[in-house]
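Asker: Please work out how this folds:
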Amino acid sequence: LEESHLDVTDLPDAKVLEGETCIHPSGLAQLVPAVRARLGRDFESYAGLPLRRADGTVLGLAGGYGSHAIVDPDLHRSLLSAFATHAAAAIDQARIDAEIRANQDRFDALAFGSDDILIETDAEGRITYVSPGVEPVLGHRPDQLVGRPVHDFLHTDDELHYVDTRRRVAAGDERARTLS
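Answerer: Here you go, the predicted structure:
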């Protein structure tokens, strides 16, 4: 997501970005003379609420200036609050999705650009992912191995190490998550 910045000094938006709800139902031009100077025209009203992440940090604002008085400030506050909640969640989700895509791209670059065999298993030891490096070594395409028990492909010398590693992972030992 691209960020854009607007200097909101001396505007009601500045208070909203500090985390305050700001509603001026009428008389905005008299209350905040900087609005005309900064925005180029008089506005009668303003309503703004902060967009907050789930942890409470402000990530932006939802608001606007009006040429007419706000007749029902409580209704405006309620509608703006609902919009702000959904907009903040959508922005946060887009940021999370972008992070996931970036992590997936890094993983793909490692997995597809390496001759090493990377295998991921579920809690029962069934293969859930195999990197393309498996085919030249074992003669199987990755899709032929997914769903099969990993111990079917272990050398007998590696069985004890594998069993011990699975036991440690099940016990929560984070250092045991990689079997080399």
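
Asker: Tell me how many other residues crowd the spatially closest residue to Lys15 that is not a sequence neighbour.
Answerer: Residue nearest to Lys15 in three dimensions, not counting chain neighbours: Cys22, with 4.8 Å by Cβ to Cβ, 6 or more residues apart in numbering. All C-beta atoms are positioned from the backbone trio N, CA, C, and that covers glycine. For Cys22, the neighbour count with other Cβ atoms under 10 Å is 20.

Asker: beta partners for Cys22?
Answerer: Beta-bridge pairing of Cys22 under DSSP bridges involves Gly48.

Asker: Name all residues that make contact with it.
Answerer: When contacts are counted by Cβ atoms under 8 Å, 6 or more residues apart in numbering, Cys22 is found next to 12-13, 15-16, 46-49, 63.

Asker: give me that answer again for 7 Å
Answerer: Taking Cβ atoms under 7 Å, 6 or more residues apart in numbering, we find Cys22 in contact with 12, 15-16, 46, 48.

Asker: what's the spacing between it and His76?
Answerer: 11 Å (Cβ to Cβ, to the nearest Å).

Asker: returning to that earlier point: of the contacts of Cys22, which belong to helices?
Answerer: Counted as lying in helices by DSSP state H, out of the contacts of Cys22, are 12, 15-16.

Asker: Kindly give a single PyMOL line that selects the buried subset of the residues you listed.
Answerer: Here is the PyMOL selection string for the buried members of those, based on 16 or more other Cβ atoms under 10 Å:
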select buried, resi 12+16
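
Asker: Tell me how many other residues surround Asp42.
Answerer: Around Asp42 there are 13 other residues, counting by other Cβ under 10 Å.
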